[in-house]
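Novice: how does the following fold in three dimensions:
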Amino acid sequence: MRCRRQRSGPASRPTPGPGLSLVLSLVLSLVLATRAASGEAGAPDAGQTPVTVTRPPAYTACTDAIAAEAETRGVPPAVAARLRTLAPDPAVAAATGNQSEFVTPIWSYLDAAVTEAHIAEGQRKLADWAATFAAIEARYGVDRFTLAAFWGVESTYGRVLDNPGIVRSVLRSLATLACAETPRAPYWRSELIAALQIHAQDHLPPEPLTGSWAGAMGHTQFMPTVYQAYAVDFDGDGRRDIWTSVPDALASTANYLKAMGWRSGERWGSEARLPDTFDYALADETTERSLAAWRRLGVDPVQPLPDDIVPATLILPAGARGPAFLLQPNFRIILRYNTALAYGLTVAHLADRLRGAPGFTRDWPRGDSMPTPADVQALQARLAERGFPAGTPDGKIGPRTRAAVRAFQAAHGLTPDGYADAPLRERILALP
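Specialist: As a prediction, the model looks like this:
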């Protein structure tokens, strides 16, 4: 989720992009990293010979300082002292540069999450928990299909939460990130202190807090500060248990979405059909028009969007050769969970498929090669040099980079669809 700030978990995901799907991001990221002992320092994996885990001096000083700060914020010394037993997790450090939302082609990201098996499982969950979904809808005004889609994308409906190869110690992950020399360290530090406060203050299951490499927790992956602000006890047992209570996890997600501005009774938007004569410069993903105005331009929503007054923006994630989408206000709320466009479209499309809607009418340009983050940085720098500012060269293609590409295309008589395929990237990089 986000508010134009990159976050991890509802309202707080790490750079390079917020919220990480436990299944997609952790599996694709952590397989690239060195497997570290899970949990407390010196604790070996089951069946393995114990290993000696070291705490570098700088890391030790950092965790000691955080423990002391946590105590000043009301964390009992016995709880804060847990930080002094933790070693850094090298797998977590490696995962920060491999978030699948940003390094995987958008169609591959969608394909991995919106499978027939995934849809069928989600529909079974909707039936099994029908009364709970109905009660949450009544209280928070967030539809069950959207909630189920978040659940499916974030933890495969909770199936991965018991997988020790995927879930990790939240305290250890956050300590690793908080004590790394990165601009985001203060953010991780605040999340780590919040996790310690949760340990001390909340009535939780007896096991240690577990979550993603980024510290996102439970069925729908809440960061600690978001848990503190938005988690609810929906099943009435006196605990805000997003790890083992499906009602608490789903209601907490609905509570968050409602607080972020979810518009009850409205969709996220729809795939759109464009006329052959469409002016692609209009698909700038920032200009809002009413649905009536888009229809006058020949843009036709594939799924019914009955309210012509609700504004929408038009986006072409893969240019003129891929599908187009009309995005309405609720899509921005989905992006508060995770700022990656691939993530937002995956949640939105899975929600539609759970409703019984068909797949997209237009396929993606699947033969296109995707640029590496280094390729994107080079592209961003060259665009800026030629007078097409793409923002800070960060290796991620977002709205500002697509706007710069559109401007370059328009200036050179090309279709201004904002999509930098391999031939266009080569042309831009070859400029003197």
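Novice: average pLDDT across stretch 104-120?
Specialist: The average pLDDT within stretch 104-120 is 94.
Novice: for it, list every residue counted as buried.
Specialist: Residues of stretch 104-120 classed as buried under the neighbour-count rule (16 or more other Cβ atoms under 10 Å) are 104, 105, 106, 107, 108, 109, 110, 112, 113, 114, 118, 119. Heads up, the C-betas are built off the backbone N, CA and C, glycines and all.
Novice: stretch 82-93 now?
Specialist: 82, 83, 85, 86, 87, 88, 89, 91, 92, 93.
Novice: just name the closest of those residues to residue 245, please.
Specialist: residue 82 (24.1 Å; Cβ to Cβ).
Novice: so the closest one sits right up against residue 171, yeah?
Specialist: Yes: proximity of residue 82 to residue 171 meets the contact threshold set by Cβ atoms under 8 Å, at 6.1 Å.
Novice: now the common contact residues for those two.
Specialist: 196, 199 (Cβ atoms under 8 Å, 6 or more residues apart in numbering).
Novice: between the buried residues of stretch 104-120, which is nearest residue 354?
Specialist: Of the buried residues of stretch 104-120, the one sitting nearest to residue 354 (Cβ to Cβ) turns out to be residue 119, at 6.3 Å.
Novice: quick check, that closest one in a helix?
Specialist: Yes: the assignment for residue 119 is a helix, going by DSSP: H, G, I helix; E, B strand; the rest coil.
Novice: can I assume it is in contact with residue 355?
Specialist: No: Residue 119 is not in contact with residue 355 according to Cβ under 8 Å; the separation is 10.1 Å.
Novice: hmm, which helix or strand of this protein has the shakiest average pLDDT?
Specialist: Counting by mean pLDDT, DSSP states H and E, the chain has its least confident helix or strand at helix 27-30, which shows a mean of 38.
Novice: what strand or helix carries residue 270?
Specialist: Secondary structure from DSSP states H and E places residue 270 in strand 269-273.
Novice: report all helices and strands that the next helix or strand after that strand contacts.
Specialist: Toward the C-terminus, strand 269-273 is succeeded by strand 289-290 as the next helix or strand (DSSP H and E). On a contact count with 3 or more Cβ pairs under 8 Å, 6 or more residues apart in numbering; DSSP states H and E, strand 289-290 meets strand 311-315.
Novice: what is the strand it packs on packed up against?
Specialist: Against strand 311-315 (3+ Cβ pairs under 8 Å, 6+ apart) you get strand 289-290, helix 291-296, strand 324-327.
Novice: other residues contacting the second one?
Specialist: Outside of helix 291-296, the residues within contact range by Cβ under 8 Å, 6+ apart are 272, 301, 305, 307, 308, 309, 310, 312, 314, 326.
Novice: and that helix, what's buried?
Specialist: Buried residues in helix 291-296, counting neighbours by 16+ other Cβ under 10 Å, are found at 291, 294.
Novice: now swap in stretch 186-204 and tell me
Specialist: 187-199, 204.
Novice: same deal with stretch 57-70?
Specialist: For stretch 57-70, the neighbour count (16+ other Cβ under 10 Å) marks 59, 60, 62, 63, 66, 67, 69, 70 as buried.
Novice: buried set for the strand holding residue 270?
Specialist: Those would be 269, 270, 271, 272, for strand 269-273 by 16+ other Cβ under 10 Å.
Novice: just checking, what packs against that strand?
Specialist: Right, strand 269-273 is packed against strand 300-301, strand 324-327 by 3+ Cβ pairs under 8 Å, 6+ apart.
Novice: mind checking how far that strand is from the chain centre?
Specialist: 22 Å (Cα atoms, centre = their mean, to the nearest Å).
Novice: what's the angle from it to strand 311-315?
Specialist: 50 degrees (axes from the mean of the first three to the mean of the last three Cα atoms, to 10 degrees).
Novice: need the residues that contact strand 269-273.
Specialist: With contact meaning Cβ under 8 Å, 6+ apart, strand 269-273 is reached by 294, 299-305, 312, 314, 323-328, 330-331, 348, 360-362.
Novice: and the residues you listed, which of them are buried?
Specialist: Buried among those by 16+ other Cβ under 10 Å: 294, 299, 301-302, 305, 312, 314, 323-328, 330-331, 348, 360.
Novice: the residue lying closest to residue 362 once chain neighbours are set aside: what's it in contact with?
Specialist: Once flanking residues are discounted, residue 362 sits nearest to residue 323: 4.3 Å by Cβ to Cβ, 6 or more residues apart in numbering. By Cβ under 8 Å, 6+ apart, the contact list for residue 323 reads 271, 316, 317, 360, 361, 362, 363, 364.
Novice: turn the buried residues of strand 269-273 into a markdown table, including pLDDT.
Specialist: As requested, the buried residues of strand 269-273 are exported to a markdown table (pLDDT from 0 to 100):
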| residue | pLDDT |
| --- | --- |
| 269 | 97 |
| 270 | 97 |
| 271 | 98 |
| 272 | 98 |
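Novice: just the closest of the residues you listed to residue 252, please.
Specialist: The shortest gap between residue 252 and any of the buried residues of strand 269-273 belongs to residue 269, at 24.7 Å (Cβ to Cβ).
Novice: thinking again about what came up before, need the CA coordinates for the strand holding residue 270. CSV is fine.
Specialist: Extracted in CSV, the C-alpha atoms of strand 269-273 (Å, rounded to 0.1, in the frame of the first residue of the first chain):
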residue,chain,number,x,y,z
GLY,A,269,-11.5,-0.1,-13.1
SER,A,270,-11.4,-2.3,-16.1
GLU,A,271,-9.4,-3.5,-19.1
ALA,A,272,-10.3,-1.2,-22.0
ARG,A,273,-10.7,-1.5,-25.8
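Novice: ok, it: who's next to it in the sheet?
Specialist: strand 300-301 (antiparallel), strand 324-327 (antiparallel) (DSSP bridges).
Novice: for stretch 317-324, give the mean pLDDT please.
Specialist: On average, stretch 317-324 scores 96.
Novice: check pLDDT for the buried residues of stretch 82-93 and point me to the minimum.
Specialist: Least confident of those in the model: residue 93, at 77.
Novice: low-confidence bits of the stretch 201-350 of the chain, can you list those?
Specialist: Scanning the stretch 201-350 of the chain with the threshold set as pLDDT under 70 gives 203-207.
Novice: rewinding a little: closest one to residue 125 among the strands paired with strand 269-273?
Specialist: The closest of the strands paired with strand 269-273 to residue 125 is strand 324-327. By Cβ to Cβ, the value is 26.0 Å.
Novice: which residues are contacting the closest one?
Specialist: Applying Cβ under 8 Å, 6+ apart, the set of residues contacting strand 324-327 is 268-274, 283, 285, 291, 294, 299, 301, 305, 312-317, 345, 362.
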